[in-house]
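1. have a look; sequence and predicted model below, questions after that.
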Amino acid sequence: MIIGTFIFYFILFAIVFSYPGFRNKKDKRSIFKLLTIPAILGLGMVFLTVIKVYFVYKILALLVVLVTFVLSYWQWGNQIRRLWNKF
């Protein structure tokens, strides 16, 4: 059940992050990013499933993380961009 949940969320996030706006075809590391980000998010969702967090709270947790990331990017965009380009 846990593996199935991970695979479901991994595929869901991989589809979301595979849109052309998220990829850079010229960069060889984009495949690594395409697989790493959905894997980390999938593991987070599996962790929330294991501790029996309801679906609504999972969505709220993702929204809080997203808002935190957006505000962090707004404040430290140049540093985050340089770090992102290193990977």
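-> Looks like it arrived, so ask away.

2. elements contacting the helix ranked longest in the chain?
-> Determined from DSSP state H, the single longest helix within the chain is helix 55-86. In terms of contacts (3 or more Cβ pairs under 8 Å, 6 or more residues apart in numbering; DSSP states H and E), helix 55-86 is packed against helix 30-50. For every residue, glycine as well, the C-beta is placed using N, CA and C.

3. what is the rounded mean pLDDT of the helix it packs on?
-> Throughout helix 30-50, pLDDT has a mean value of 79.

4. how about that helix: buried residues?
-> 30, 33-34, 38, 41-42, 44-46, 48-49 (16 or more other Cβ atoms under 10 Å).

5. looking at those, spot the one nearest Ser18.
-> Leu34 (6.2 Å; Cβ to Cβ).

6. against Phe55, how distant is the closest one?
-> According to Cβ to Cβ, to the nearest Å, Leu34 and Phe55 sit 25 Å apart.

7. cool, Leu62 as well?
-> Distance, Leu62 to Phe55, using Cβ to Cβ: 11 Å.

8. the more surrounded of these two?
-> Remark: of Leu62 and Phe55, Leu62 carries more neighbours, 14 against 10, as counted by other Cβ atoms under 10 Å.

9. for the more buried one, list the residues it contacts.
-> Leu62 makes contacts with Leu41, as judged by Cβ atoms under 8 Å, 6 or more residues apart in numbering.

10. under the pLDDT cut-off, which ranges of this structure? List them.
-> The model of the chain has pLDDT under 70 over residues 20-30, 87.

11. just the element for the closest residue to Thr49 other than its chain neighbours, please.
-> Leaving aside its chain neighbours, Thr49 sits nearest to Thr5 (5.1 Å; criterion: Cβ to Cβ, 6 or more residues apart in numbering). Counting by DSSP states H and E, the element that carries Thr5 is helix 2-17.
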